[in-house]
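Engineer: Return a 3D structure for these sequence lines:
(one chain, ligands or ions: 1)
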Amino acid sequence: MYFDAIEEVFKTHDFNSVMHFAGFKAVGESVQFPIKYYQNNVVGTLFLFEIMQKYNVKKLVFSSSATVYGNPQKVPIDESSPLSATNPYGRTKIIVEDMLRDLYQSDPTWRIAILRYFNPIGAHKSGRIGEQPNGIPTNLMPYITQVAIGKREKVFVFGHDYKTHDGTGVRDYIHVVDLVRGHVKALEYLDSHEGVEAFNLGTGKGYSVLDLIKTFSEVNHVEIPYEFMNRRSGDVAISYADPKKANELLHWRAKYGLEEMCEDSWRWQRLNPNGYED
Ligand code: WQD
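Structural biologist: Next comes the predicted model:
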């Protein structure tokens, strides 16, 4: 099924590179349905690489994730930090990264950029392209915007006893448009570099759950009620990037701050209360 469908596209188009975005990405769902995640994120990806090799398309930008760092031993996290997964989703990302390193060993004409996303939020400034999670949002920002639009009553803050400045989880939130810019820069980098390289795409700044709720509320002038709950299993206390390698090798740096991420997320949700159905 996967193989034939992917090959059909390669038969009818002349590609010189591939950006692979088609992985499932919900941690909780991967724990509930591991086979679905291994099938799509590993088997499907393996077929893609096999077909790329067959059609001699050997330039790839692969969407990986900061989840591959598991519970980091130190922050900020750089690309030499040890990899360790704490859930099936993270394991699928590490497996594919290892496949890519093996692939390059077997054929050094491959040019591969592995982009480890930290926490993408925000939306296109037009308010016409944004995130529409299926069902109840598992990620923080879409949950906040659904509270702001009145679809949900309050944010449940998972954990208030972490060793952070306010006891809530700290993450490196990055504007999705900065993430896009990172992909373009990665593709340009591959024009002149063979090999397989991993890059952290983050801002290098960590913000807590309460920081995000308060910033969202202040810039958008909307109340966001919240209630403290127990920690969510599998969550780490603190995760934020050392983006130096991407800054220097990709000549890329995140441009947008937390305020713009909150403004842009809210504009998308306000203009599209029911997401793409509107
Ligand atoms: C952020 C913080 C939660 C929801 C996940 C994936 C990662 C990447 C991004 C794909 C944490 C807290 C959350 C809520 C809360 N996806 N939180 N109430 O877990 O850091 O990363 O999404 O690459 O791979 O693991 O993001 O937005 O779920 O959580 O308090 O309703 O917000 O505890 O501290 P996470 P998140």
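Engineer: For the ligand, what's its nearest residue on the stretch 101-250 of the chain.
Structural biologist: Across the stretch 101-250 of the chain, no residue is closer to the ligand than residue 169, which sits at 2.3 Å (C-beta to the nearest ligand atom). In short, each C-beta sits where N, CA and C put it, glycine included.
Engineer: Nearest residue to that residue in space, please, no chain neighbours.
Structural biologist: Using C-beta to C-beta, 6 or more residues apart in numbering and skipping residues adjacent in sequence, the residue nearest residue 169 is residue 209, 5.5 Å away.
Engineer: which residues does that neighbour contact?
Structural biologist: For residue 209, the contact set (C-beta atoms under 8 Å, 6 or more residues apart in numbering) comprises 140, 155, 157, 158, 168, 169.
Engineer: got the contact list for the first one?
Structural biologist: This points to residue 140. By C-beta under 8 Å, 6+ apart, the contact set of residue 140 is 121, 155, 171, 209, 212.
Engineer: Highest neighbour count among the residues you listed?
Structural biologist: The residue in the contacts of residue 140 with the most neighbours, by other C-beta atoms under 10 Å, is residue 212 (26 neighbours).
Engineer: I figured it was touching residue 173, is that so?
Structural biologist: Yes: here residue 212 reaches residue 173: they are 6.8 Å apart, a contact under C-beta atoms under 8 Å.
Engineer: which neighbours do those two share?
Structural biologist: Common neighbours of residue 212 and residue 173, using C-beta under 8 Å, 6+ apart, are 141, 258.
Engineer: tell me what the one helix or strand residue 187 maps to is packed against?
Structural biologist: Secondary structure from DSSP states H and E places residue 187 in helix 176-191. If you count contacts as 3 or more C-beta pairs under 8 Å, 6 or more residues apart in numbering; DSSP states H and E, helix 176-191 packs onto strand 59-65, strand 111-117, strand 119-121, strand 195-201, helix 244-249.
Engineer: same thing but 10 Å
Structural biologist: Identification of packing neighbours for helix 176-191 by 3 or more C-beta pairs under 10 Å, 6 or more residues apart in numbering; DSSP states H and E yields strand 18-20, strand 59-65, strand 111-117, strand 119-121, strand 195-201, helix 244-249, helix 258-271.
Engineer: State the distance from residue 213 to residue 147.
Structural biologist: Distance of residue 213 to residue 147, given as C-beta to C-beta, to the nearest Å: 9 Å.
Engineer: near the ligand, which residues of this protein show up?
Structural biologist: Proximity of the chain to the ligand, by C-beta under 6 Å from any ligand atom, involves residues 25, 27, 65, 67, 117, 119, 138-140, 143, 155-159, 169, 171, 209, 232, 235.
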